[in-house]
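Visitor: return a 3D structure for these sequence lines:
(one chain, ligands or ions: 3)
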Amino acid sequence: PIILGIETSCDETAAALVDGERRILSHALWSQIEAHALYGGVVPEIAARAHVDHLDHLIRKALLDAEMKLADVDAIAATAGPGLIGGVMVGVVTAKALAFGANKPFIAINHLEGHALSPRLCADIAFPYLLLLISGGHCQLLIVDGVGAYERLGSTIDDAAGEAFDKTAKLLGLGYPGGPAIEQAALKGEVTLKGEIGRFSLPRPLTDQPGCNFSFSGLKTAIRRCAERLESEQGGLYERDINDLAAATQAAIGDCLINRTDHAISRYLDSRGPKAPTLVVAGGVAANATLRSRLETLAQGRGLSFMAPPPWLCTDNGAMIAWAGLERFLLGQNDGLAAPARPRWPLDETAPPLYGTGQ
Ligand code: ATP
Ligand code: MG
Ligand code: FE
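Guide: Ligands and ions are numbered 1, 2, ... in the order given. Sure, this is the predicted structure:
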């Protein structure tokens with residue numbers, strides 16, 4: 001089957017076609033970064049309008065690039081939440097209109113499930129696997145037992161990992177989005193790994209405690225204090241300071257992710273028996289090369305195989321939504337035109353697709 005996937009939940013407008021052979025037939029994406037950069041973060045109203053402006057031509061481009069017509073598509077999937085509700089509604093309404101017009105099933109996709117299943121678009125990863133989901137709005141460890149079947153081992157009690165990158169970047173004047181900016185600056189900074197006395201010592205919240213929850217808000221406060229101290233001592237921040245603080249931030253976030261994931265591996269092995277799962281990392285923060293390689297090292301050390309989608313499939317895109325749509329299409333799901341757009345939609349409340357009516 002061939003599925004059209006539509007993503008509009010945040011600041012990327014995207015459409016893509018995938019098929020059952022894991023082929024990405026086309027993918028079109030419009031990033032709204034420039035529209036929001038001026039404000040240092042995503043402005044929901046601007047985002048919703050930009051989705052209206054760009055979605056139609058991106059869908060047309062996705063079809064054109066794959067040399068297909070809407071009639072060749074077997075189902076239309078769109079992110080139906082969680083996310084900025086204005087944008088989500090643009091995607092859902094557009095997808096429903098296309099589904100109605102072409103008489104195809106409409107499949108409502110949880111954006112987080114798009115991230116969670118994206119590794120299966122890249123490789124034949126069997127259920128269950130252990131997932132570290134690190135994105136702009138979420139930070140969770142989950143066991144993925146199947147489509148719609150998620151056991152959450154832990155999540156952030158305050159900020160998401162991507163949020164920590166974004167807020168630190170804003171504080172350091174590195175602009176938006178923060179993750180890529182911090183990663184670049186950190187390359188030039190002094191790396192401060194745990195145990196080493198670096199120029200800045202930042203906290204690693206919760207890492208001295210059991211469990212798999214995360215906390216990043218203390219980190220942000222500590223970085224603000226470091227920056228304020230330098231400003232009062234030197235009258236400002238030099239480029240070297242910014243690079244070192246970026247490196248220290250990335251190292252601290254990395255230590256938290258490693259520690260919590262290590263606990264999750266133990267939890268998995270304790271509760272599911274000795275067969276090691278694949279450790280999968282997904283979501284925008286998983287685009288970070290240093291974090292990927294640190295997590296891979298952790299997995300290898302504990303005898304797990306490791307998988308992270310290529311960086312462009314970690315940040316928001318249409319292909320992951322099309323893929324989640326394909327998985328659900330194969331299970332017979334058709335949500336029909338009454339399916340709601342949901343601003344909030346926890347992944348572990350996503351229903352397994354047992355109610356499909358098929359078509
Ligand atoms: P969610 O998926 O939780 O709804 P979102 O869709 O806005 O949130 P994503 O697009 O998955 O989030 O990821 C965006 C986040 O990833 C941003 O916070 C961004 O700073 C972060 N990010 C992107 N690239 C990198 C990178 N190279 N290093 C670290 N963080 C990154
Ligand atoms: Mg984004
Ligand atoms: Fe996302």
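
Visitor: model confidence over stretch 248-256, on average?
Guide: Per-residue pLDDT values across stretch 248-256 average out to 96.

Visitor: ok, residues contacting that stretch?
Guide: 161, 164-165, 168, 182-183, 186, 189-194, 198-200, 202-207, 214-216, 219, 223, 226, 288, 290-291, 294 (C-beta atoms under 8 Å, 6 or more residues apart in numbering). (Each C-beta comes from the backbone N, C-alpha and C, glycine too.)

Visitor: how about S217, what does it touch?
Guide: Going by C-beta under 8 Å, 6+ apart, S217 touches 158-159, 205.

Visitor: specify which member of the residues you listed is nearest to W30.
Guide: Using C-beta to C-beta, D159 is the member of these that lies nearest W30, at 27.1 Å.

Visitor: ok so that closest one is a helix residue?
Guide: No. If the criterion is DSSP: H, G, I helix; E, B strand; the rest coil, then D159 is coil and not within a helix.

Visitor: ok, it - contacts?
Guide: Contacts here follow C-beta under 8 Å, 6+ apart; on that basis D159 touches 139, 167, 215-217, 220.

Visitor: before we move on, the earlier item: rebuild the contacts of S217 as CSV, extending it with distance to S9 and pLDDT.
Guide: As requested, these are exported to CSV (distance: C-beta to C-beta, whole Å; pLDDT from 0 to 100):
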residue, distance to S9, pLDDT
D158, 21, 98
D159, 19, 97
P205, 28, 96
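
Visitor: per-residue pLDDT of the spatially closest residue to T315 that is not a sequence neighbour, please?
Guide: Of all residues not flanking T315 in the chain, G284 sits nearest, at 4.4 Å (C-beta to C-beta, 6 or more residues apart in numbering). You'll see G284 listed with a pLDDT of 98.

Visitor: just checking, G284 touches S135?
Guide: Yes. Here G284 reaches S135: they are 4.9 Å apart, a contact under C-beta atoms under 8 Å.

Visitor: need the residues touching each of these two.
Guide: Among the neighbours of G284, those also in contact with S135 (C-beta under 8 Å, 6+ apart) are G162.

Visitor: anything in stretch 286-297 near ligand 3?
Guide: No. Contact of stretch 286-297 with ligand 3 is not found when judged by C-beta under 5 Å from the ion; the minimum separation is 10.4 Å.

Visitor: hmm, that stretch in reach of ligand 1?
Guide: Yes. Residues of stretch 286-297 are located near ligand 1 by C-beta under 6 Å from any ligand atom, namely 287-288.

Visitor: for that stretch, buried residues please.
Guide: Of the residues in stretch 286-297, 286-288, 290-292, 294-296 count as buried by neighbour count, 16 or more other C-beta atoms under 10 Å.

Visitor: just how off-centre is it within its chain?
Guide: When distances are taken as C-alpha atoms, centre = their mean, to the nearest Å, stretch 286-297 is centred 14 Å away from the chain's centroid.

Visitor: CA atoms of it as CSV?
Guide: What follows is stretch 286-297 as a C-alpha-only set of coordinates in CSV (Å, rounded to 0.1, in the frame of the first residue of the first chain):
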residue,chain,number,x,y,z
ALA,A,286,18.0,12.4,18.6
ALA,A,287,19.5,14.4,15.6
ASN,A,288,22.4,15.4,18.0
ALA,A,289,25.5,13.5,16.9
THR,A,290,27.2,13.5,20.3
LEU,A,291,24.1,12.3,22.1
ARG,A,292,23.6,9.6,19.5
SER,A,293,27.1,8.2,19.9
ARG,A,294,26.9,8.4,23.7
LEU,A,295,23.7,6.4,23.7
GLU,A,296,25.1,3.9,21.2
THR,A,297,28.1,3.4,23.5
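
Visitor: show residues contacting it.
Guide: Looking at stretch 286-297 with C-beta under 8 Å, 6+ apart, the contacting residues turn out to be 132, 134, 179-180, 183, 186, 250, 253-254, 257-258, 261, 279, 281, 285, 306, 308-309, 311-312, 314-315.

Visitor: include distance to A95 when you put the contacts of S217 into CSV, please.
Guide: Written out in CSV, the entries for the contacts of S217 read as follows (distance: C-beta to C-beta, whole Å):
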residue, distance to A95
D158, 33
D159, 31
P205, 39
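
Visitor: which one of those residues is nearest to ligand 1?
Guide: Distance ranking of the contacts of S217 against ligand 1, using C-beta to the nearest ligand atom, places D159 first at 10.1 Å.

Visitor: which parts of the protein sit against ligand 2?
Guide: Looking at ligand 2, the residues of the chain close enough under C-beta under 5 Å from the ion are 10-12, 316.

Visitor: quick one: which two of those residues are the most distant?
Guide: With C-beta to C-beta as the measure, no two of those lie farther apart than D11 and D316, at 7.9 Å.

Visitor: need the three-state assignment for A78.
Guide: Three-state secondary structure (criterion: three-state DSSP) places A78 in strand.

Visitor: that one: how many residues sit nearby?
Guide: Around A78 sit 34 other residues, with neighbours defined as other C-beta atoms under 10 Å.

Visitor: just to check, it is in contact with T94?
Guide: Yes. Because the distance of 7.2 Å satisfies C-beta under 8 Å, A78 is recorded as touching T94.

Visitor: quick one, helices of the stretch 101-250 of the chain?
Guide: In the stretch 101-250 of the chain, the helices defined using DSSP state H, counting those that start in this stretch lie at 111-122, 161-171, 178-188, 217-234, 239-272.

Visitor: quick one: mean pLDDT for the fourth one?
Guide: Spelled out, that is helix 217-234. Along helix 217-234, the predicted confidence averages to a pLDDT of 94.
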